[in-house]
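J.: let's see this in three dimensions:
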Amino acid sequence: MQPIEKLESEKIVAKNQIALQTVMNKLQLINKELSVREGRILIHNISGRIKEPNSIKVKLRKKGCEENYETALEVINDIIGARAVCYYMDDLYLVADVLNTHKDMEIIKIKNYMEHPKKTGYRSLHLIVKLMIPYGGKQEMVKVEIQLRTFAMDYWAVLDHQLRYKKENTDNDSEKIEKELMDYADSLESIDKKMMKLRNKIAKI
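T.: The predicted structure is shown next:
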């Protein structure tokens, strides 16, 4: 079994970077395509990252898996991750639908945290895809996670991430804080839905 550090080898780093850039380029092109079709810009910003080996080790430990390269590629879907932040909730599905038409990519799993939020209140639409990329004179398949969020979902997720360390060290009020964060997530979802309705109302005028 190869060590996790193999993910830092020149070949693997290059493949991961090509896959990440390919997905981000796809999202940019989809934004242009849908902007023409819908008469408005759908994606506000696009970002991406490649998970560090230490973070991969921690994730494997949490899953109770062996800490090696082969296991990481098999059980971890977000070693390569791209994120698109959209303006409205229904935009996430429009972007996902166009991604699904791309012949060099296969959506192998959908995690719909909009319809089924995590117990923390986290909402998003996650697509796990297998992407065909050119490397070394041949085509190779690489697994990538694409996260689609609205402004409100992204705002909540970023602040929740910042507060997580402090939250985990407040044993006495932990349940109360969890409940509060869930309430805020529900409130932001309500705003998301209201803004979508307002957009539709304005479009009809």
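J.: can you pull the contacts of the residue nearest to the spatial centre of the chain?
T.: Centroid-nearest residue in the chain: residue 147, 2.0 Å away (criterion: CA atoms, centre = their mean). By CB atoms under 8 Å, 6 or more residues apart in numbering, the contact list for residue 147 reads 81-84, 124-126. In this view, the C-beta of every residue, glycine as well, is placed from N, C-alpha and C.
J.: quick one: which of the residues you listed is most hemmed in?
T.: For the contacts of residue 147, the largest number of neighbours (other CB atoms under 10 Å) sits with residue 84, at 29 neighbours.
J.: distance of that one from residue 157?
T.: Using CB to CB, to the nearest Å, residue 84 is found at 13 Å from residue 157.
J.: got it, and residue 132?
T.: 29 Å.
J.: compare those two (neighbour count), which wins?
T.: The residue with more neighbours, out of residue 132 and residue 157, is residue 157; 20 against 15, by other CB under 10 Å.
J.: from what I can see that one touches residue 120, true?
T.: No - checked against CB atoms under 8 Å, the pair residue 157 and residue 120 is beyond contact range at 9.4 Å.
J.: so where's the chain shaky on pLDDT?
T.: 165-172 (pLDDT under 70).
J.: and the strands in it?
T.: Listed in chain order, the strands of the chain (DSSP state E) span 43-50, 80-86, 105-112, 125-135, 138-150.
J.: a markdown table for these, including distance to residue 37?
T.: Supplementary listing: those in a markdown table, determined by distance: least, CB to CB, whole Å:
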| stretch | distance to residue 37 |
| --- | --- |
| strand 43-50 | 13 |
| strand 80-86 | 14 |
| strand 105-112 | 20 |
| strand 125-135 | 19 |
| strand 138-150 | 17 |
